[in-house]
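In: give me a model of this one.
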Amino acid sequence: MDTALRTLLGRPAVEVAPLLLGMTFRTSTNGVVTSVRLTEVEAYMGTDDPASHAYRGITPRTRPMFGAAGVIYVYLSYGVHHCVNIVTGREGEGQAVLLRAGTPVEGVTIMEERRGRSAGLTDGPGKLGQALGLTTAYSGAPIDGRTIELEPGEPTGEVLATPRVGISRATERPWRFVTG
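Out: Modelled structure (predicted):
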């Protein structure tokens, strides 16, 4: 990972999240490349955020969140959906940005095969994880430019901040960012 990206991801999740919009998130799993341009993300601020998986501290599942910025944290939601986060902030803080949605860029046919459909490929966090071929086996993997890559880009429209969705605590915090 280059120095500029490492510096960016080392900032607090709530600052990093809107800056990820428009960037391309690329995976190369089993020799198959897929990528999306990020259009929706949510910030989770670690042990100070009751909605964060890190709120109660380090567990075997959340350990990657407490590592260095620039790795991914993948968790299984409802036993079926693999949700992908980018770890941010300083080591030990447990901050991350959930990748909620994106526009397919590369490997659309592969995404369709993985999802078993051609519509709505990456318009939700579980759909995004499945389309990109990421599972909990990748949790803790670095954004190294080989398996996982993050490329600069600009959002395609105005960036809007809204309350986070799909959570039951700290729902009022405007830490969901979308391109309008």
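
In: tell me the pLDDT of the closest residue in space to residue 133 that isn't next to it in sequence.
Out: What sits nearest to residue 133 in space, not counting adjacent residues and going by CB to CB, 6 or more residues apart in numbering, is residue 29, at 4.0 Å. For the C-beta atoms, the positions are set from N, CA and C on the backbone; glycine is no exception. We have a pLDDT of 87 for residue 29.

In: and the pLDDT for the closest residue to residue 38 other than its chain neighbours?
Out: In this structure, residue 38 finds its nearest non-sequential neighbour in residue 102, 4.8 Å apart by CB to CB, 6+ apart. Looking at residue 102, its pLDDT stands at 98.

In: how close does the residue lying closest to residue 80 once chain neighbours are set aside get to residue 97?
Out: Nearest in space to residue 80, with sequence neighbours left out and distances taken as CB to CB, 6+ apart, is residue 126 at 7.2 Å. Distance, residue 126 to residue 97, by CB to CB, to the nearest Å: 16 Å.

In: if we can go back for a sec, figure out the helix or strand that the residue nearest to residue 38 lives in.
Out: Applying DSSP states H and E as the criterion places residue 102 in strand 95-106.

In: and that strand, how far out from the chain's middle?
Out: Mean-position distance between strand 95-106 and its chain equals 5 Å (CA atoms, centre = their mean, to the nearest Å).

In: do the same with stretch 171-180
Out: On the basis of CA atoms, centre = their mean, stretch 171-180 is displaced by 14 Å from the centre of the chain it belongs to.

In: list the buried residues for it?
Out: Within stretch 171-180, the residues scored as buried using 16 or more other CB atoms under 10 Å are 173, 175-179.

In: can you check stretch 154-162 too?
Out: Within stretch 154-162, the residues scored as buried using 16+ other CB under 10 Å are residue 155.

In: ok, stretch 92-106 next?
Out: Buried residues in stretch 92-106, counted by 16+ other CB under 10 Å: 93-105.

In: ok, now stretch 134-150?
Out: So stretch 134-150, judged by 16+ other CB under 10 Å, has buried residues 134, 138-139, 141, 143, 148-150.

In: which among these gets closest to residue 121?
Out: Distance to residue 121 across the buried residues of stretch 134-150 (CB to CB) is lowest for residue 134, with 14.0 Å.

In: show the pLDDT at that closest one.
Out: 96.

In: I'd say it and residue 74 touch.
Out: Yes - applying CB atoms under 8 Å, one finds residue 134 in contact with residue 74, separated by 5.5 Å.

In: what's across from residue 142 in the sheet?
Out: residue 71 (DSSP bridges).

In: so how far is residue 1 from it?
Out: Taking CB to CB, one finds residue 142 at 7 Å from residue 1.
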